[in-house]
Every structure is written in structure tokens, then in C-alpha cells.
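A.B. asks: Show me the folded form of this:
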Amino acid sequence: MKKSFELEDSFRSLNHIPRSEIQKRKTYNTILQASKNPKRYRYIFSHWTGVFLTFAMILACTAFLLVQVLNPAYGEQTAAKPAELLTASDIVVTYMTKSVSGDIFSLQSNLTRKGVSIIDDPVWMKTMNDAVNSRKAETNAPVMGDSYDLLLFYDNRKPDKCKLWVHNGEVYLKRIKETKVYKIDSGKSVFVTNLIDKIEKQAAF
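C.D. replies: Take a look at the predicted model:
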């Protein structure tokens, strides 16, 4: 209503100015057009604002999906590279006994029975940890012969169930249900084999 009164005032003020009918008609159309333009501009602005926001959302979603494709989630990395991510844990104690066979793991329960030895020697535990959590598996490992069942307990994750065997003075081990074989550092092989011989005599495997 206010705009209507303003237009009427404008028309009345123009009537006092001597002009032809053509000039009056042009002025009239100009005033009407000026009164309509703000709405038109507001419509155009709101229309393009909506289009811009939609485009921005699509762009953001595309960027997010691209990041997900190029950078897998942490859980996927854990599954793809378990050995690299498990090296942060330290072994706190190990249990060892003579293996019944290469397919059976006998350290499932009753770890205090005869024939089961507890090994908490710091050098032994670090050697086992460095080997079984190594990033590099042995490519030319010998076939497993007489072996030992080895249970490794860590301070912040589930224990490892392993098979350990000695071949030509070198020590190898692998996790149960895995094909990768790891080799004990040659500089520690003598220490490991001597400790195993000592334990065998004491525990009467």
C-alpha cells in the first residue's frame, strides 16, 4: 500500500510539468518498470544463490569421495599391512612346548602342565618379537620339520600362536594359519638354539 501511495504522489507531481502525452506515457512506463525491478532482481539473486549452493554441495561430496578412494580407512590399512602395524606391541611372556605335529597347536589351555616352559628372558622375547613382527618374510624358508609350539603374549593385543623350528643352525617361525615364514636374525640364532637346548633338558620335553 505504501508503494501505491508513493506512485500516486509521483504521478500527481508530474502532472504539473508541461509535457506531451507521449512523454507522459514514457514516464509512466518508466516508473512502473522501476517499481517492478527490485522484485525481479531479488528473484534472480535467490535463484542463482540456490544454484550456487547446490553446486557447492555437489563439489564437496565429490571431493570427499575422492579422498576416500585415494586414502583408504585405517581399518583397511590394518587388514592390508598387519605386520607393519603390530610392531608397536612388546612381548611380556612366552610359552613353549614340543609340537605334536605341524598341524596341531597344543598350547590352547593348561599352560602349567608338564612339558610347557615359560620363557621371559628379555633377549629371547625381543628376538621373537623382532622376527614374527618383521616386515620382511623369508622367501626361501625350508620345510618345517620337528618343531615347537610357541605362544607369545603381548602387553596390548591378542597373543600370537606360532610354530618354531631349527634348520642347519638357523631358526624359523610362522604364525598358525599363515603361510609367511620369518627368520630369526642370524646373530641371535646361537643364543636361541642354546636356550632351547637348555629348556629341553630342564623340562624333559
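A.B. asks: make it CA atoms for all contacts and neighbour counts henceforth
C.D. replies: OK.
A.B. asks: Could you find the closest non-adjacent residue to K183?
C.D. replies: Excluding the flanking residues, the one nearest K183 by CA to CA, 6 or more residues apart in numbering is Y172, at 4.5 Å.
A.B. asks: Now do the same for the one you found: helix, strand or coil?
C.D. replies: The three-state label given to Y172 by DSSP: H, G, I helix; E, B strand; the rest coil is strand.
A.B. asks: for D197, same thing?
C.D. replies: For D197, the assignment made with three-state DSSP gives helix.
A.B. asks: distance of it from K98?
C.D. replies: In this view, D197 and K98 are 12 Å apart by CA to CA, to the nearest Å.
A.B. asks: Then T139?
C.D. replies: In terms of CA to CA, T139 sits 25 Å off from K98.
A.B. asks: Those two: who's more crowded?
C.D. replies: K98 (21 against 10; other CA atoms under 10 Å).
A.B. asks: is the more buried one in a bridge, and if so with what?
C.D. replies: Beta bridges link K98 to Y148 when assigned by DSSP bridges.
A.B. asks: Surely it and S147 touch.
C.D. replies: Yes. Counting by CA atoms under 8 Å, S147 is a contact partner of K98 at 6.5 Å.
A.B. asks: how much space between the residue nearest to K183 and V100?
C.D. replies: Counting by CA to CA, the gap from Y172 to V100 is 17 Å.
A.B. asks: Which one's more surrounded, the two?
C.D. replies: Set Y172 next to V100 and count neighbours by other CA under 10 Å: Y172 wins out with 25 against 13.
A.B. asks: so what's the more buried one scoring on pLDDT?
C.D. replies: With respect to pLDDT, Y172 scores 94.
A.B. asks: and for whatever helix or strand L152 lives in, what are the contacting residues?
C.D. replies: Following DSSP states H and E, one finds L152 within strand 147-154. Residues outside strand 147-154 that contact it (CA atoms under 8 Å, 6 or more residues apart in numbering) are 89-99, 101-102, 105-107, 159-166.
A.B. asks: are any of the residues you listed buried, and which?
C.D. replies: 90-99, 105-107, 160-166 (16 or more other CA atoms under 10 Å).
A.B. asks: what's F105 in contact with, if anything?
C.D. replies: With contacts defined as CA under 8 Å, 6+ apart, F105 is in contact with 99, 149, 161, 176.
A.B. asks: Next, find the distance separating it from L111.
C.D. replies: 12 Å.
A.B. asks: repeat for F191
C.D. replies: Separation of F191 from L111 (CA to CA) stands at 24 Å.
A.B. asks: Which residue of the two possesses the greater neighbour count?
C.D. replies: L111 (16 against 13).
A.B. asks: what sits against the residue nearest to the more buried one when sequence neighbours are not counted?
C.D. replies: Take L111 and drop its neighbours on the chain: the residue closest to it by CA to CA, 6+ apart is Y95, 7.6 Å away. Contacts here follow CA under 8 Å, 6+ apart; on that basis Y95 touches 107, 111, 116-119, 150-152.
A.B. asks: Tell me which residues of stretch 164-179 come out buried.
C.D. replies: 164-166, 170-176.
A.B. asks: For T127, the count of nearby residues, please.
C.D. replies: If you count neighbours by other CA under 10 Å, T127 ends up with 18.
A.B. asks: Figure out the helix or strand that it lives in.
C.D. replies: T127 is part of helix 122-132 when elements are defined by DSSP H and E.
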